[in-house]
Structure formats: C-alpha cells, structure tokens
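Q: structure of the sequence below:
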Amino acid sequence: KATQGEVIQQTNIENLDVLTSGPTPPDPGRVIESLKLHQCLLELQKSYDLIIVDTPPSLVVNDAIVLSRLTDGLILVVESGQTSRKLIEDMHQLYLSSGIDVTGLVLNKFDYIGSGYGAYYKAYQRYLPEESAPETSGEVA
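A: I've put the predicted structure just below:
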C-alpha cells in the first residue's frame, strides 16, 4: 500500500499537487464506490484546503454523481460551441434529482475574440495600468 507522499506529485505551480488515477481498473465503478476511496478523500482533506476531483462526463457514467456525494459541490465543465443548452439543462436536472449541489459552471474553449467580446476587452485594457493588464492569447483558460 502506497502512502500519500509516494503517490502525490508536486507541480511547478505553487500550492498545487496532483494525484493521478493510474491505469484504468477492470471495474472502475467499484473503485468509485469503494470505502477505500472515501477514506482516501477524508485523509486528503486533512492536508489540503481544496480538493478537485476530475471525472468522466456525467451522462456517460455516474462517477461524478457518486463522487459528488463525498464533496462540497460540483462544478460543471462545458465546451463552448459544442455543449448544447439542452444537454446542460439535462445534466443540471440530473444533478438536482440526485440531490447534488451544482456549485458553478466553467465554460472552456471560448473564443472571446471571434465572439465579438475581443473589441470590448481591448477597449477595457486601455484603462488598466500596464502591469495589471492580463496577457491576451485569444483563449480563455
């Protein structure tokens, strides 16, 4: 049995560590619902202020639903231009009916320049001191 210190990887980002899942087990659902995983998350809570668990898409498998019962909330991640409003509504309804608190939503791969917001952002930057203006790469992370 490995210890936390043996499996947790430090990153080059201050105060960010990563614990990867490793190879896919023969029955991932059993691992997700296991007492060992629950105990692992409780143990990690002693050492970390915030724990983020990345799961497969909710409508594919129920991992997010099962794991969200062990967390303080769920953040839905959707891809701009690919995830339909109906799909988001269906996922939200699934969470509500499961008694899960949807804490927030992250919209990734949003092209703010192509969307028309780029001109607004450039105009806004004129009013910021040079050292506080964020870099513009055309993408929002």
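Q: low-confidence ranges in the protein?
A: Within the chain, the stretches with pLDDT under 70 are 112-141.
Q: show me where it has helices.
A: 4-7, 28-32, 35-47, 63-68, 85-97, 117-125 (DSSP state H).
Q: would you confirm that Leu105 contacts Val78?
A: Yes: counting by CB atoms under 8 Å, Leu105 does reach Val78; the two are 6.6 Å apart. Quick note: C-beta positions are derived from backbone N, CA and C, even for glycine.
Q: overlap in contacts of those two?
A: Each of Ile88 lies in contact with both Leu105 and Val78 under the rule CB atoms under 8 Å, 6 or more residues apart in numbering.
Q: out of those two, which sits in the more crowded spot?
A: Val78 (18 against 13; other CB atoms under 10 Å).
Q: list the contacts for the more buried one?
A: Residues in contact with Val78, defined by CB under 8 Å, 6+ apart, are 88, 105-108.
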